[in-house]
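**Q** here you go, sequence then predicted model.
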Amino acid sequence: MSEIEYFYSAHSVFAYLGSARFMDIAQAAGRAIVHRPVDLNQVVPAGGASSFRERSPKHRAYFFRREIDRWSEQRAAPVMAGYPAHHHNDMALGNGMLIAGAMQGHNVDQLAHAMLRDHWLHDADFADRGTLARIAESVGLQPEPILAAALSDEVQLIYQSNTDEAIGRSVFGSPTYFVDGDMFYGQDRLEMVERALRQPYAPS
């Protein structure tokens, strides 16, 4: 089966807002999703942008509230009021769980969606093993083997490799999708992803 590469972090609001739509598009096209969780603390500044907390109040109010609210309505993807208190916690365990799950042969599409949803609906803390275990169980996965491997050297090397590759391929935020090597940044490009899967865009 052909694939779509998916660079994102499991706490990314815009990955969440597009998650269900993206998975529907991939399924309809008969494409498998290759999950490539990355460390946004490295990816965002490498792309030339300031960190979220360094941006102006007006920028944050527009991009991280008004845009969230509008796309939440557009995609029928509800979000909590305010900002998750655990949003800036370390993501090595949560993103590592996704990588470990894929390495152990699981389809992690629904795990990724559940993590994104629970963070933006219920302030799920991805540094907390109990929270991650509950989310894994909710999608029918046994959490213990995945969590046991999530912080292993092997998984964390892949996490760093994903991050380095994202930077090398000019990924500058989450979510970013690659369709046959063509990059699409942002869930607001999903309709273009859908078109590219039917008919590739002319090369630039």
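**A** In hand now; what should we look at?
**Q** next, the buried residues of the one helix or strand residue 67 maps to.
**A** Element membership for residue 67 (DSSP states H and E) is helix 67-75. Applying a neighbour-count criterion of 16 or more other CB atoms under 10 Å, one finds 68, 71, 72, 75 buried in helix 67-75. C-beta: built from backbone N, CA, C; applies to glycine.
**Q** quick one: which of those is nearest residue 33?
**A** Residue 33 lies nearest to residue 75 out of those, by CB to CB, at 17.4 Å.
**Q** the closest one - nearest residue in space that isn't next to it in sequence?
**A** Spatially, and ignoring its direct neighbours in sequence, residue 75 is nearest to residue 17 (5.2 Å; CB to CB, 6 or more residues apart in numbering).
**Q** elements contacting the helix or strand containing the one you found?
**A** For residue 17, the host element (DSSP H and E) is helix 13-29. Based on contacts counted as 3 or more CB pairs under 8 Å, 6 or more residues apart in numbering; DSSP states H and E, the elements that helix 13-29 packs against are strand 3-8, strand 32-37, helix 67-75, helix 109-122, helix 190-198.
**Q** out of these, nearest to residue 152?
**A** Nearest of the helices and strands packed on helix 13-29 to residue 152, taken as CB to CB: strand 32-37 at 14.6 Å.
**Q** how far off centre is the lowest-mean-pLDDT helix or strand in the chain?
**A** None of the helices or strands of the chain scores lower by mean pLDDT, DSSP states H and E than helix 57-61, at a mean of 83. Centre-to-centre, helix 57-61 and its host chain are 22 Å apart (CA atoms, centre = their mean, to the nearest Å).
**Q** buried sites along it?
**A** By neighbour count with 16+ other CB under 10 Å, helix 57-61 contains no buried residues.
**Q** how about that helix as CSV, C-alpha atoms only?
**A** Extracted C-alpha coordinates of helix 57-61, given in CSV (Å, rounded to 0.1, in the frame of the first residue of the first chain):
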residue,chain,number,x,y,z
PRO,A,57,-0.3,38.6,22.5
LYS,A,58,-2.2,39.6,19.4
HIS,A,59,-0.6,36.9,17.3
ARG,A,60,-1.4,34.3,20.0
ALA,A,61,-5.0,35.6,20.3
